[in-house]
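>>> pasted the sequence and its predicted model underneath.
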Amino acid sequence: MDGHDAEDPKQSTADMTAFVQNLLQQMQSRFQAMSDSIVTKIDEMGSRIDELERSINDLRSEMGVEGSPSPSAPPKEKEEPKSGTDSTSV
């Protein structure tokens, strides 16, 4: 029994070492997969944001070309009385 007991702790230590190494490798693989997934999603979000910016700029340019008289005229009319003296406020 003494010979068997002497090898058992060594085998137990080797088994525990192998188990911990395997566990660490699994954890590293999972973290790497999660990291890759996060980076991919961030890249996709960046692309979507770029598309939104292009769409907004396209809409702005369309509004500037097609609707320049109507959107710009009312603010000018509203701004002029505010900046000058109103005859109704006297």
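Right, received. Where do you want to start?
>>> alpha carbons only for contacts and neighbour counts from here, please
Noted.
>>> so, low pLDDT: which residues of the chain?
Applying pLDDT under 70 to the chain flags residues 1-7, 65-90.
>>> repeat that for 90
1-11, 64-90 (pLDDT under 90).
>>> biggest helix in the protein, by residue count?
helix 2-66 (DSSP state H).
>>> and that one, what does it pack against?
With contacts defined as 3 or more Cα pairs under 8 Å, 6 or more residues apart in numbering; DSSP states H and E, helix 2-66 has no helix or strand neighbours.
>>> what do you get if the cut-off is 10 Å, keeping everything else the same?
helix 69-83 (3 or more Cα pairs under 10 Å, 6 or more residues apart in numbering; DSSP states H and E).
>>> mind listing what residue 15 touches?
Contacts for residue 15 were tallied using Cα atoms under 10 Å, 6 or more residues apart in numbering; they are 9, 21.
>>> so it versus residue 23, what's the distance?
Residue 15 sits 12 Å away from residue 23, going by Cα to Cα, to the nearest Å.
>>> run a quick neighbour tally on residue 40.
By other Cα atoms under 10 Å, the residues close to residue 40 number 12.
>>> scratch that, residue 51 is what I was asking about
Neighbour number of residue 51 under other Cα under 10 Å is 12.
>>> who's in contact with it?
Counted by Cα under 10 Å, 6+ apart, residue 51 has contacts 45, 57.
>>> this completes my enquiry, with thanks.
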